[in-house]
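Visitor: Give me the fold of what follows.
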Amino acid sequence: MSELDEFAPAWSPIGERALVYCRAEGEHAQLWLVKFDADGKPVERQLTKYGGQNPAWSPSGDRIIYENNAQLWTIRPDGSDEMPIVVDDKPIFGLDPFWTR
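Guide: Numbers count the residues shown, from 1 in each chain. Sure, this is the predicted structure:
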């Protein structure tokens with residue numbers, strides 16, 4: 001990666017003019033969200049603090065699923081409620097969430 005890379009953009013599925021993407025500085029990537037107002041002016045903010053790649057939106061647009069160290073996590077678009085995905089108290093690993101197939 002270069003000094004600053006931005007990659008893996010995903011538009012909100014519900015037409016909110018919102019785009020989640022990865023921004024890497026050095027070797028560590030974080031999730032960022034940019035929303036565009038009616039005039040097309042972007043407002044960016046960082047969503048994750050401890051890593052994140054390969055974001056995908058839930059069909060309803062209320063959550064973003066992403067990979068962090070091969071484990072799947074979710075976060076709300078406002079940056080709240082960040083948590084790993086677990087089933088039967090075991091973390092879920094993988095890069096291909098079922099709703100992106």
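Visitor: so where do the helices sit in this protein?
Guide: For the chain, none of the segments meets the definition of helices by DSSP state H.
Visitor: Local confidence estimate at the residue sitting nearest the centre point of the chain?
Guide: By CA atoms, centre = their mean, the mean C-alpha position of the chain lies nearest to P55, the distance being 3.8 Å. P55 is assigned a predicted lDDT (pLDDT) of 96.
Visitor: Can you name the residues in contact with stretch 56-73?
Guide: Identification of contacts with stretch 56-73 by CB atoms under 8 Å, 6 or more residues apart in numbering yields 10-14, 16, 18, 20, 31, 47-48, 50-55, 74-77, 82-85, 91-95, 97, 99-100. Quick note: C-beta positions are derived from backbone N, CA and C, even for glycine.
Visitor: that older thread, got the contact list for the residue nearest to the centre of the chain?
Guide: Applying CB under 8 Å, 6+ apart, one finds that P55 lies in contact with 8, 10, 20-22, 31, 64-66.
Visitor: if you set the cut-off to 6 Å instead, what comes out?
Guide: With CB atoms under 6 Å, 6 or more residues apart in numbering as the criterion, the residues that contact P55 are 10, 20, 31, 64, 66.
Visitor: Alpha carbons only: can I get stretch 83-97 in PDB?
Guide: The C-alpha coordinates for stretch 83-97 follow below in PDB (Å, rounded to 0.1, in the frame of the first residue of the first chain):
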ATOM      1  CA  MET A  83     -19.400  -5.900  17.700                       C
ATOM      2  CA  PRO A  84     -18.000  -9.200  16.400                       C
ATOM      3  CA  ILE A  85     -20.400 -11.600  14.800                       C
ATOM      4  CA  VAL A  86     -20.700 -14.700  17.000                       C
ATOM      5  CA  VAL A  87     -22.800 -17.900  16.700                       C
ATOM      6  CA  ASP A  88     -23.000 -20.200  19.700                       C
ATOM      7  CA  ASP A  89     -20.400 -18.100  21.400                       C
ATOM      8  CA  LYS A  90     -17.900 -18.600  18.600                       C
ATOM      9  CA  PRO A  91     -16.500 -15.900  16.300                       C
ATOM     10  CA  ILE A  92     -17.400 -16.100  12.600                       C
ATOM     11  CA  PHE A  93     -14.500 -15.900  10.100                       C
ATOM     12  CA  GLY A  94     -14.700 -15.100   6.400                       C
ATOM     13  CA  LEU A  95     -14.800 -12.400   3.800                       C
ATOM     14  CA  ASP A  96     -18.000 -13.200   1.900                       C
ATOM     15  CA  PRO A  97     -21.100 -12.300   3.800                       C
END
